[in-house]
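[1] Let me see the structure of the following:
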Amino acid sequence: MPEKEKTEGTQAKRAMMGDGQVPDIAALQLLGFNTMTSFGTAWMETLGNMGSEMLSFVADRIKEDVKTQHRCLHCDDMAKLQEIQAEFFRKAIEQYTAESGKLVEMSQNLFPSVGDNGKH
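    Next up is the predicted model:
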């Protein structure tokens with residue numbers, strides 16, 4: 001291992017473990033965390049958008065769950081109950097499939113494409 005790498009690694013470990021306080025950002029960068037800065041704002045924005053999308057989806061699904069539960073509790077016909085449950089599962093599969101597609105599409109903005117030369 002080259003002497004410079006040994007020194008940087010030792011400095012980073014010493015800075016992080018030194019007096020028990022919050023690790024020095026420069027020390028973290030020496031340990032390899034500097035690559036996170038290369039993702040940029042587009043990456044963070046896309047992650048935020050994906051998180052928002054997932055939360056909205058989950059909220060909508062919970063509403064569907066409650067609505068279906070209400071319908072089941074007020075149903076007095078076994079055939080109708082089976083119909084309600086089948087409809088619920090059919091709709092859930094369609095919604096989860098659509099949501100997966102949305103998230104995959106959104107995730108394409110996470111990393112810059114080769115033609116962008118790292119600019120996004």
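[2] mind listing what's buried in stretch 76-89?
    For stretch 76-89, a neighbour-count test (16 or more other Cβ atoms under 10 Å) marks 84, 88 as buried. Quick note: C-beta positions are derived from backbone N, CA and C, even for glycine.
[3] which secondary structure elements does the helix or strand hosting Ala92 contact?
    Using DSSP states H and E, Ala92 maps to helix 78-107. With contacts taken as 3 or more Cβ pairs under 8 Å, 6 or more residues apart in numbering; DSSP states H and E, helix 78-107 sits against helix 40-73.
[4] List the buried residues in the helix it packs on.
    Across helix 40-73, burial judged by 16+ other Cβ under 10 Å covers 43, 46, 50, 57, 68, 71.
[5] Report the secondary structure state of Leu110.
    Three-state call for Leu110 (DSSP: H, G, I helix; E, B strand; the rest coil): coil.
[6] quick one: the closest residue to it other than its chain neighbours and Thr68, what's the gap?
    Spatial nearest neighbour of Leu110, chain neighbours left out: Thr46 (5.2 Å); criterion: Cβ to Cβ, 6 or more residues apart in numbering. Thr46 sits 33 Å away from Thr68, going by Cβ to Cβ, to the nearest Å.
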